[in-house]
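Novice: Here is a sequence together with a model predicted from it:
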Protein chains: 2
Amino acid sequence: MESEPTRVMVAVNESTLKGYPHASISSKKAFEWTLKRIVRSNTSGFKLLLLHVQVQDEDGFDDMDSIYASPDDIRQMRERNKAKGLHLLEFFVNKCHDIGVGCEAWIRKGDPTEVICHEVRRVRPDFLVVGSRGLGPFQKVFVGTVSEFCVKHAECPVITIKRSAEESPQDPADD
Amino acid sequence: MESEPTRVMVAVNESTLKGYPHASISSKKAFEWTLKRIVRSNTSGFKLLLLHVQVQDEDGFDDMDSIYASPDDIRQMRERNKAKGLHLLEFFVNKCHDIGVGCEAWIRKGDPTEVICHEVRRVRPDFLVVGSRGLGPFQKVFVGTVSEFCVKHAECPVITIKRSAEESPQDPADD
């Protein structure tokens, strides 16, 4: 008899190129790596905890050009954002379902670095998988890296999965 | 049918408290974590690559008080060092054998950080597991950390496993 499944948190986000509900290249890579190299055929031995952090603009609005004239507009926008996040998670949840590995998926709003570390403290996964664009030091200055922050600050082991060179778009800051 | 096993490199070293052939607290912890949380019951799905890096004193001698008077003394010392390293690896290899997971184990001499990264390039594991003493910033200045170097420079995903507080000796630099 096996003990409790190993709980693997995977942080996923949307593509900067294709937008919602498409997953970023790096988070798709991290997710697929986890299934292929860690879970393998042992689907009952693992449970994936899929966390998607929605980044909000400072004013709380996603679409700069939209006009929010009434409480109804605001509510509709909130619902649209929620739907987008759910669509993104659907991609990952469906894949887990297809191969038969248990999962939980949820959405939080805020700064990805802080939220991921906060959720690690809250749900206590066995380890955390984060994708990385594999940026050089020059590019990092401008875009920051969530993965490096998590490696330093998350209160659980963290494994960073880089995109391969051939998966990287022309502008490596894109994902 | 499953694909090739996932190849996990685990870097192991001797205890600074108990000396050879005892494994350090942190590398024993990293090894056991890998078996319990990753390999689990799927022993045919993984292969452990156990690397032990022997650190040499600058003059090449381990025992400061010994007198090496002849080429024979030197040869005997070399053989003793080799035997020590083999004893350390024996502990890990026996555990792998007991639970039925495939492994390879080998010894290299030199600076652990450089040698581990070199061996990663050479054998191309799917990921690397390193133990960490979990030192604070003040202690790190004096003892350095192999794990942080590997996270930055090893050409494969790296997962760092920290000792728990109750496993740490009075002087956290000990292991």
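Specialist: Thanks, I have the structure now.
Novice: Name the nearest residue to residue A:15, sequence neighbours excluded.
Specialist: Nearest residue to residue A:15, sequence neighbours excluded (Cβ to Cβ, 6 or more residues apart in numbering or on different chains): residue A:22, at 4.3 Å. Quick note: C-beta positions are derived from backbone N, CA and C, even for glycine.
Novice: Check residue A:50 too.
Specialist: Among residues not flanking residue A:50 along the chain, residue A:105 sits closest, at 4.0 Å (Cβ to Cβ, 6+ apart).
Novice: Can you report how many residues neighbour that neighbour?
Specialist: Other residues near residue A:105 come to 19 when the count uses other Cβ atoms under 10 Å in any protein chain shown.
Novice: just checking, it is part of a strand?
Specialist: Yes: residue state for residue A:105 (DSSP: H, G, I helix; E, B strand; the rest coil) corresponds to a strand.
Novice: That one and residue A:52 touch, don't they?
Specialist: Yes: Residue A:105 is within contact range of residue A:52, at 7.3 Å (criterion: Cβ atoms under 8 Å).
Novice: Overlap of the contact sets of these two?
Specialist: Common contact partners of residue A:105 and residue A:52 (Cβ atoms under 8 Å, 6 or more residues apart in numbering or on different chains): residue A:89.
Novice: coming back round to it: the residue nearest to residue A:50 and residue A:36: what is the separation?
Specialist: If you measure residue A:105 against residue A:36 using Cβ to Cβ, to the nearest Å, the figure is 20 Å.
Novice: ditto for residue A:44
Specialist: Going from residue A:44 to residue A:36 by Cβ to Cβ gives 17 Å.
Novice: With residue A:129 instead?
Specialist: 12 Å.
Novice: Which neighbours do these two have in common?
Specialist: Residues touching both residue A:129 and residue A:36 (Cβ under 8 Å, 6+ apart): none.
Novice: In terms of packing, which of the two has more residues around it?
Specialist: More crowded of residue A:129 and residue A:36, by other Cβ under 10 Å: residue A:129, with 27 against 12.
Novice: Let me see the confidence value for that one.
Specialist: On pLDDT, residue A:129 comes in at 97.
Novice: What average pLDDT does stretch A:103-121 get?
Specialist: 95.
Novice: Please disregard the earlier target; I meant stretch A:44-52.
Specialist: 97.
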